[in-house]
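>>> pasting a predicted model and its sequence here:
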Amino acid sequence: MASRLKGRANFLSPFVSEKYVNRIAKRLRELSIPLLESGDFTKETSADTPQLTASHIDSKELFKKDPAIIDIPSIYKTLPNAHTTLEKSKPIPRYLWKETDNGFPPSPEEAGVDIKTFLEQRDCHDRLQQLKVPEFCVGSTVAVTRADNYVPKGHVRFVGICIAMNHWQNTLGATFTLRNVIDGEPMEVNFQLYSPVIQKIEVLKHERRDKQALWYLRDYPPALSYVSATMKALPYKKEPHLYVQSKEEGQRVEKWFEQIKKSKRRR
């Protein structure tokens with residue numbers, strides 16, 4: 001039987017090994033007993049009666065589902081505001097406190113997450129509630145006040161444009177980077193959003209740009225990264241304002257790159 005099946009298997013695929021064929025033959029021998037008992041085949045055999053081969057086995061019997069396996073529905077319930085993503089795509093971070101209408105989910109079972117994620121996001125939510133941080137995005141002007149034992153005041157305030165935010169803002173490893181120009185020198189400071197050192201986060205201007213990160217500002221004129229340290233906060237809006245580059249700024253950028261190009265030319 002194995003040799004007969006091997007000829008058919010090689011016709012289907014040249015990569016079928018003998019071990020795989022023997023496994024199929026063993027499975028056919030196991031299925032032949034219940035099929036004969038059920039009356040699908042007569043018990044009397046003769047020389048003219050063909051032997052049991054793969055052609056006599058119903059394909060449904062080979063792939064029949066084990067009746068012992070029971071499909072149990074999930075005990076977790078999906079929250080109303082949860083996002084769904086396609087397979088093999090970068091998932092959208094889940095903010096458990098945004099998926100419920102009343103605060104934070106009471107248990108990891110209700111949120112549909114493991115205990116580690118539940119405890120971590122609960123700490124993030126508690127920290128945001130204490131700081132009362134409004135939402136901001138890349139392109140916004142933000143002021144951060146953090147504790148510093150090496151200055152007389154005990155704290156330092158840094159104002160800058162948010163040029164980057166890492167993807168997982170719903171974990172304790174969430175970071176964002178502010179950029180500003182101080183005394184003619186560009187400076188970038190990376191902050192941990194949920195760090196206990198941070199005392200206050202102010203959104204001076206809620207603004208967004210058409211890029212996910214503003215690393216290109218490193219190549220632009222420093223004047224486009226400058227923000228006054230004494231800037232007063234504008235009225236906060238939930239929807240960020242879209243930044244549009246003016247004609248004068250575009251000309252300044254072109255002139256800047258022309259100067260760089262001339263400085264690198266060989267004399």
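Alright, I've got the coordinates. Source: prediction; values computed, not measured.
>>> distance of R179 from E254?
According to C-beta to C-beta, to the nearest Å, R179 stands 21 Å off from E254. (Each C-beta comes from the backbone N, C-alpha and C, glycine too.)
>>> same check, this time on T100
For T100, the distance to E254 - C-beta to C-beta - is 50 Å.
>>> higher neighbour count, the two?
T100 (17 against 10; other C-beta atoms under 10 Å).
>>> quick check: closest non-adjacent residue to C137.
Excluding the flanking residues, the one nearest C137 by C-beta to C-beta, 6 or more residues apart in numbering is R208, at 4.9 Å.
>>> quick check: that neighbour touching L242?
Yes: under the contact definition of C-beta atoms under 8 Å, R208 touches L242, with a separation of 6.0 Å.
>>> and the helices in the stretch 1-150 of the chain, which stretches?
2-12, 18-37, 59-62, 96-99, 108-111, 115-131 (DSSP state H, counting those that start in this stretch).
>>> lowest average confidence across those helices, which one?
Per-stretch mean pLDDT for the helices of the stretch 1-150 of the chain is lowest at helix 2-12 (a mean of 50).
>>> if we can go back for a sec, OK, contacts around the residue nearest to C137?
By C-beta atoms under 8 Å, 6 or more residues apart in numbering, R208 lies in contact with 137-140, 240-243.
>>> could you redo the last one with a cut-off of 7 Å?
Listed by C-beta atoms under 7 Å, 6 or more residues apart in numbering, the contact set of R208 reads 137-139, 240, 242-243.
>>> most widely separated two among those residues?
The span of those, defined through C-beta to C-beta, is set by V138 and L242 at 12.2 Å.
>>> so these two - more neighbours on which side?
V138 (19 against 10).
>>> go ahead and confirm that one touches M165.
Yes: with contact defined as C-beta atoms under 7 Å, V138 reaches M165; the gap is 5.8 Å.
>>> setting aside sequence neighbours, what's the nearest residue to S195?
R146 is the one closest to S195 (C-beta to C-beta, 6+ apart), at 7.6 Å.
>>> that neighbour bridge partners, please.
Applying DSSP bridges to R146 gives these bridge partners: V156, I198.
>>> could you measure from the spatially most central residue of the chain over to Q121?
Among the residues of the chain, the one closest to the centroid is P91, at 3.3 Å (C-alpha atoms, centre = their mean). Computed as C-beta to C-beta, the P91 to Q121 distance reads 15 Å.
>>> got it, and A233?
28 Å.
>>> of these two, who's got more company?
Higher neighbour count among A233 and Q121: Q121, with 23 against 12, using other C-beta under 10 Å.
>>> in contact with the residue nearest to the more buried one when sequence neighbours are not counted, which residues?
In space, and not counting its chain neighbours, Q121 is closest to L96: 4.9 Å by C-beta to C-beta, 6+ apart. With contact set as C-beta under 7 Å, 6+ apart, L96 has these partners: 104-105, 111, 121.
>>> show the model's pLDDT score for D58.
Looking at D58, its pLDDT stands at 58.
>>> in terms of pLDDT, where does K205 sit?
Here the pLDDT value assigned to K205 is 96.
>>> also R209?
Reported pLDDT for R209: 94.
>>> what of the one 4 residues further on?
In the prediction, the pLDDT value recorded for A213 is 95.
>>> please apply the same query to the one 3 residues further on.
pLDDT recorded at Y216 is 95.
>>> and the strands in the chain?
Assigned by DSSP state E, the chain shows strands spanning 141-147, 155-165, 175-182, 185-192, 198-205, 207-208, 241-242.
>>> can you get me a residue count around the nearest residue to N170 once chain neighbours are set aside?
Using C-beta to C-beta, 6+ apart and skipping residues adjacent in sequence, the residue nearest N170 is P93, 4.5 Å away. For P93, the neighbour count with other C-beta under 10 Å is 14.
>>> next one: K261
9.
>>> then the one 4 residues further on?
Here the number of neighbours of R265 (other C-beta under 10 Å) works out to 6.
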